[in-house]
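Peer 1: What follows is a predicted protein model with its sequence.
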Amino acid sequence: MKILKKLIVCAVLISMAISCEKDDFCEFSSPTPNLVLRFYDKDVNDDLKSVQRLSIIAQGKTDSLYMNRTVDSIAIPLNTNATETIYTIKRNEATGNIADNETATLTIRYTPEEQYLSRSCGFRFIFNNITFEKTGWIDSLSITTLETINSQENAHVNIFH
């Protein structure tokens, strides 16, 4: 009888161990990458140049992603439900008064592609065939086309001002 109880306990423990699933954890904090922009001096292309009192607003939105911040790089999301995202980028290098704001627009066109990552992470988007257009205080861009955005580890575009 003791042997039978031990066999039953062993069988139950073995069946529990076999039926367990391993835990899935998503490795990404934000699976869909943002567009990473770095700001450089137009006269000395290797020197980072912060933008004073930067504000960025997506077309059709009222909230600013960055509000009166001084930064030399930013990461901004692209609209996964569209093929174009337009940002109005404001800076104020002078006084901080609204009347002294300088504006520029950055138009990004792309083809979004949905990718399955895993059961825990679900889906993410990558962006292909990206083109950039600029107006306003932005003097130039390091590139005007980009093949794909599938991570945000490095800057995708350098903005010279």
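Peer 2: Right, received. Where do you want to start?
Peer 1: how far away is the spatially most central residue of the chain from Thr105?
Peer 2: Taking CA atoms, centre = their mean, the centroid of the chain lies closest to Asn34, which sits 1.3 Å from it. Distance, Asn34 to Thr105, using CB to CB, to the nearest Å: 18 Å. Every residue, glycine included, has its C-beta placed from N, CA and C.
Peer 1: Kindly report the same for Glu84.
Peer 2: Counting by CB to CB - Glu84 and Thr105 are separated by 12 Å.
Peer 1: Which positions within stretch 127-140 qualify as buried?
Peer 2: Within stretch 127-140, the residues scored as buried using 16 or more other CB atoms under 10 Å are Phe127, Ile130, Phe132, Lys134, Trp137, Ile138.
Peer 1: who does the top strand by length along the chain pair up with?
Peer 2: Criterion DSSP state E: the longest strand present in the chain is strand 102-118. Next to strand 102-118 in the sheet, as set by DSSP bridges, lie strand 84-91 (antiparallel), strand 122-136 (antiparallel).
Peer 1: Output stretch 103-115 in PDB with nothing but the alpha carbons.
Peer 2: Taking C-alpha atoms only, stretch 103-115 is exported to PDB below (Å, rounded to 0.1, in the frame of the first residue of the first chain):
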ATOM      1  CA  THR A 103       8.200  76.900 -36.500                       C
ATOM      2  CA  ALA A 104       9.200  74.200 -38.800                       C
ATOM      3  CA  THR A 105       7.300  71.100 -40.100                       C
ATOM      4  CA  LEU A 106       8.700  67.600 -40.600                       C
ATOM      5  CA  THR A 107       6.600  65.400 -42.800                       C
ATOM      6  CA  ILE A 108       7.400  61.700 -42.700                       C
ATOM      7  CA  ARG A 109       5.900  59.300 -45.200                       C
ATOM      8  CA  TYR A 110       6.200  55.500 -44.800                       C
ATOM      9  CA  THR A 111       4.600  52.100 -45.200                       C
ATOM     10  CA  PRO A 112       3.700  50.500 -41.900                       C
ATOM     11  CA  GLU A 113       4.200  46.800 -41.600                       C
ATOM     12  CA  GLU A 114       2.700  44.700 -38.700                       C
ATOM     13  CA  GLN A 115       5.000  42.000 -37.300                       C
END
